[in-house]
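> sequence first, then the predicted structure:
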Protein chains: 2
Amino acid sequence: MTAGGLGEFGRIRCFFAPLAGPGGLGLTDDAALFDCEPGRRLVVTADAIVAGIHYLPDDPPDLVARKLLRVNLSDLAAMGARPRHYLLTTALPETIDDAWVARFAAGLAEDQRRFGVDLLGGDSVATSGPAVLSLTAIGDVAAGAEIRRRGAQPGDRVWVSGTIGDAGLGLAVLKGEYEALPAEHRAALSGRYRLPEPRTALGPRLAGIAHAMIDVSDGLLADLGHICAASQVAATVAAALLPLSPAAAAAIAAAPEMRAKLAGAGDDYELLFTAPAAMDPAIVRVGADLGLALTAIGTIEAGEGVRLVDPAGRPIAVKSPGYRHF
Amino acid sequence: MTAGGLGEFGRIRCFFAPLAGPGGLGLTDDAALFDCEPGRRLVVTADAIVAGIHYLPDDPPDLVARKLLRVNLSDLAAMGARPRHYLLTTALPETIDDAWVARFAAGLAEDQRRFGVDLLGGDSVATSGPAVLSLTAIGDVAAGAEIRRRGAQPGDRVWVSGTIGDAGLGLAVLKGEYEALPAEHRAALSGRYRLPEPRTALGPRLAGIAHAMIDVSDGLLADLGHICAASQVAATVAAALLPLSPAAAAAIAAAPEMRAKLAGAGDDYELLFTAPAAMDPAIVRVGADLGLALTAIGTIEAGEGVRLVDPAGRPIAVKSPGYRHF
């Protein structure tokens, strides 16, 4: 199937079979096997990326692979699940050579170790169009501990992990904007866009604490909107409370109105959750345990919709609240 | 993302959300939930198809969907698993309109009912190239009852379900060959190519009976080769014993040497398995229960490789033993 090179069989044997866990059966069977521990439920999600749309064809292949895996692990974390396995389907044009696939697999290998997951199987096909990479991630959660979008209640606080807006600014940096920013800030922002950090340790720790949770992929306000729609509640977020990284703060220092815009930017893959005020001490403890900033940025109310407000409580208009794949 | 029409959100809501089972959470959450019954293991597989390579862009969309689902269910059956759920990722060009997606989803709906599976989630993205459709199927099997490729033993008989070669001949019919064949035979053969019948009832019934199993996707000889390689054994298949449908028999009536060629043709999605001779009565009973032909076509021996032989036991050369995706 490939002009010269290892061919599909060879690529699987050389690059992907070493990634297979025991249940992957060396990628030599029709299907893979895995187990579920008693008292736990399985959680599954899938995301696809397309060259030229979700990443650039000359992006480093190891980073492409790691981002693809990580956005899926982020979806598992948003349900409170721990990651366990994944399957990978690649549709690759002839222009992708073995070296690209080798580096792609090396990226997967690195993140498998980091996140404790293994490859169960998948498929490898040719396409005359751009590469399409599809990953299905499987995790598990204690039965009843799963955290969904629909549990938010009036009176809950709205919390977010880490910092917001870095990925959106990082994409702008990669497009040549923010040239005046110091190199280390530019690198920090573009790095956050290229390689998100899924909050896999945080998600499961919020079982019994959070009422509702989602990961920030479309943009903080859009994703909070998904929680509100599913929970039939409204939310108010204080723009001044949005946690910013030093790099993001530097980037928007000359244009404070940008802070509101960052609330609409996507791809941060932080966890956004709601919890009753009585859980404040528990949340602070989890943040301290993990060494991860957890910031209360707003409240859940009766009604519908999401408002971003300034320190005087006045609504701030925000364009483009993002869209959502399924 | 789509020029006019429903857009991604609308398509999910209108066409795919109705396919979701309870664990799919209406396709509105980050991930889906499912359970595993005590004493059972989970089985998972993924296959992708590309427009212009695995199907023709003007093929009926409902048949494209059903074939994609069925080839995955066939992989589950080949492990002895029963199908339960699936996830679907679509990368579609702008030229695919809502009507195409509606018919694609209608095909899935029909086969969901037929095979007792439901949709857990997936992803929907745009591509500038041909459509890439990727499906992950999840099934389960009683722990210890899974049937793998590697269990074949010298002395086993080689069995195959249904009839062999129909799909390969059907593809030839669709390409304009076999014009002299009666219309009903042409329809029977092309139908087998377009819509395989995964042996989902047979697979689980062979637990405790079959030593090794695979589905015939690359071609009977190639797939038997996979069993032999995994089991470190050899196999001999008698060309005269290959079960042919009336349509296939008619198609090759004028060219008996074609019988050997059919052993190399793929896409039949029958189950190919090995079992000790002591299991003959049990296998006959299963076939009778299911109303499905099960035919002994050869034997497993010590050694390596697969031989096709004529009635005098002389090897028949067969070209192109097929290739295998992972």
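Received, thanks.

> so what's the closest residue to chain B within the stretch 51-200 of chain A closest to, chain neighbours aside?
Closest residue of the stretch 51-200 of chain A to chain B, CB to the nearest CB: A:G129 (1.1 Å). (Glycine included, C-beta is placed from N, CA and C.) Nearest residue to A:G129, sequence neighbours excluded (CB to CB, 6 or more residues apart in numbering or on different chains): B:G129, at 1.1 Å.

> SS state for the residue of the stretch 51-200 of chain A closest to chain B?
What DSSP: H, G, I helix; E, B strand; the rest coil gives for A:G129 is coil.

> my read: it touches A:T95, true?
No - A:G129 is beyond contact range of A:T95, at 11.0 Å (criterion: CB atoms under 8 Å).

> these two: which is more packed in?
A:G129 (21 against 11; other CB atoms under 10 Å in any protein chain shown).

> relative to A:A109, how far out is the more buried one?
27 Å (CB to CB, to the nearest Å).

> repeat that for A:M279.
38 Å.

> and what of A:K261?
37 Å.

> ok, now A:P246?
For A:P246, the distance to A:A109 - CB to CB - is 32 Å.

> name the residue in these two with the higher neighbour count.
A:A109 (18 against 11).

> nearest residue to the more buried one in space, ignoring adjacent ones along the chain?
Per CB to CB, 6+ apart, closest to A:A109 is A:L19, 6.0 Å.

> can you pull out the strands in chain A?
Taking DSSP state E, the strands of chain A run over residues A:32-34, A:40-50, A:82-92, A:118-126, A:132-142, A:157-161, A:212-215, A:234-238, A:271-275, A:294-301, A:305-309.

> which stretch among those comes nearest B:Y55?
strand A:118-126 (11.8 Å; CB to CB).

> from the contact counts, what lies against that closest one?
Here strand A:118-126 touches strand A:32-34, strand A:82-92, helix A:98-115, strand B:40-50, going by 3 or more CB pairs under 8 Å, 6 or more residues apart in numbering or on different chains; DSSP states H and E.

> mean pLDDT for those: which is lowest?
Comparing mean pLDDT across the helices and strands packed on strand A:118-126, the weakest is strand A:32-34, with a mean of 92.

> for that strand, packing partners?
strand A:82-92, strand A:118-126, strand B:40-50.

> would JSON lines of these with mean neighbour count be doable?
Compiled in JSON lines, the helices and strands packed on strand A:32-34 are given as follows (neighbours: other CB atoms under 10 Å in any protein chain shown):
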{"stretch": "strand A:82-92", "mean neighbour count": "26"}
{"stretch": "strand A:118-126", "mean neighbour count": "24"}
{"stretch": "strand B:40-50", "mean neighbour count": "25"}
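
> would JSON lines of these with distance to A:A240 be doable?
Converted to JSON lines, the helices and strands packed on strand A:32-34 look like this (distance: least, CB to CB, whole Å):
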{"stretch": "strand A:82-92", "distance to A:A240": "34"}
{"stretch": "strand A:118-126", "distance to A:A240": "44"}
{"stretch": "strand B:40-50", "distance to A:A240": "46"}
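
> so for A:V50, which of those strands sits nearest?
Short answer: strand A:82-92, nearest of these by CB to CB, at 9.3 Å.

> how about the closest one as PDB, C-alpha atoms only?
Extracted C-alpha coordinates of strand A:82-92, given in PDB (Å, rounded to 0.1, in the frame of the first residue of the first chain):
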ATOM      1  CA  ARG A  82      -8.900   7.100  34.600                       C
ATOM      2  CA  PRO A  83      -7.400   6.200  31.200                       C
ATOM      3  CA  ARG A  84      -6.600   2.500  30.400                       C
ATOM      4  CA  HIS A  85      -6.500   1.700  26.700                       C
ATOM      5  CA  TYR A  86      -6.900   3.100  23.200                       C
ATOM      6  CA  LEU A  87      -7.400   2.100  19.600                       C
ATOM      7  CA  LEU A  88      -6.000   4.000  16.600                       C
ATOM      8  CA  THR A  89      -7.100   4.300  13.000                       C
ATOM      9  CA  THR A  90      -4.900   6.000  10.500                       C
ATOM     10  CA  ALA A  91      -5.900   6.900   6.900                       C
ATOM     11  CA  LEU A  92      -2.600   8.100   5.400                       C
END
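
> quick one, it and strand B:82-92 angle?
Between strand A:82-92 and strand B:82-92, the angle comes out at 50 degrees (axes from the mean of the first three to the mean of the last three CA atoms, to 10 degrees).

> next one: strand A:82-92 to chain centre, how far?
Strand A:82-92 sits 15 Å away from the centroid of its parent chain (CA atoms, centre = their mean, to the nearest Å).

> now stretch A:116-123
The answer for stretch A:116-123 is 18 Å, by CA atoms, centre = their mean.

> quick check: pLDDT value at the residue lying closest to A:F34 once chain neighbours are set aside.
Leaving aside its chain neighbours, A:F34 sits nearest to A:G23 (4.3 Å; criterion: CB to CB, 6+ apart). For A:G23, the pLDDT comes out at 75.

> then A:R149?
A:R149 is given a pLDDT of 94.

> can you list the weak-confidence ranges in chain A?
A:1-4, A:26, A:319-326 (pLDDT under 70).

> domain parsing for it?
A:7-142, A:149-309 (automatic domain parsing).

> any chance of these in TSV, plus distance to B:V233?
Formatted as TSV, the domains of chain A follow (distance: least, CB to CB, whole Å):
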stretch	distance to B:V233
domain A:7-142	15
domain A:149-309	43
